[in-house]
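> Quick one, structure for this:
(one chain, ligands or ions: 1)
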Amino acid sequence: MSRMLQARFLSLCNPQVAFVSLSQSFFGTHGRFSSQVNEIFQDRVEVSSSRNVRNGFRTFCTGKDLSTKKCVPCNSKDMRPMTEQVANDLISQVPEWNLVNEGGALKLHRSWKVKNFAKGLEFFQVVADVAEAEGHHPDLHLVGWNNVKIDIWTHSVGGITENDFILAAKINELKLQHLLSKKAAK
Ligand SMILES: C[C@H](O)[C@H](O)[C@H]1CNC2=NC(N)=NC(=O)C2=N1
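Below is the predicted model:
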């Protein structure tokens, strides 16, 4: 990337962001353009976080781990659903979660097998505590008494935003092992 372009991009981002994390988030670890960068320069794609607006561009300016970020209020007027390409770039950051397209709406999906019905409800409570803290909520399913399924999407925009990935990353950090059946989830 030419130094001019690099300087231009830096001016759009929060100057506090350490250059190394900025270059990683833009150039990936192999010095290539990440798809987010292409989209930002090509069609001013809007991504979920409404706080990273610089001169009309929304930016992924930090390489911060998703689980350390905070969800933003979903009623922000300029929140937009993420494109499938950007979602596909982010899915690797939430291991075990899958991107599903349900009737045109992208969602994150993951399932677990719990020890029993009561442990399934305990599982829901642990997840609910995180959701309440984030002000962002998953769809919880307890099927056939011991199969927990979670879908995460942003209802206010009818699609997927960075909030959904943040919540999924935080769920991945939870200590849930003691609730799970020894047999792997289907
Ligand atoms: C104001 C507040 O952000 C909204 O009520 C929240 C609550 N939790 C939410 N959770 C999800 N998944 N999508 C939403 O649109 C949503 N909206």
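> Strands of this protein, residue ranges please.
53-54, 57-58, 98-102, 105-113, 139-143, 147-152 (DSSP state E).
> and the protein, which residues reach the ligand?
With CB under 6 Å from any ligand atom as the criterion, the chain meets the ligand at residues 73, 74, 75, 135, 136, 137, 154, 155, 156. Bear in mind the C-beta positions are built from the backbone N, C-alpha and C, glycine included.
> Could you list which residues are in contact with the fifth one?
Yep, that's residue 136 we're talking about. 71, 74, 154, 163, 164, 166, 167 (CB atoms under 8 Å, 6 or more residues apart in numbering).
> Among these, name the ones in helices.
Taking DSSP state H, the ones among the contacts of residue 136 that sit in helices are 163, 164, 166, 167.
> Does the second one touch residue 155 like I think?
No: using CB atoms under 8 Å, residue 164 makes no contact with residue 155, being 10.3 Å away.
> Give me the more crowded residue out of these two.
A side-by-side neighbour count of residue 164 and residue 155, using other CB atoms under 10 Å, places residue 164 first with 30 against 11.
> And that one, how close does it get to residue 119?
Distance, residue 164 to residue 119, by CB to CB, to the nearest Å: 25 Å.
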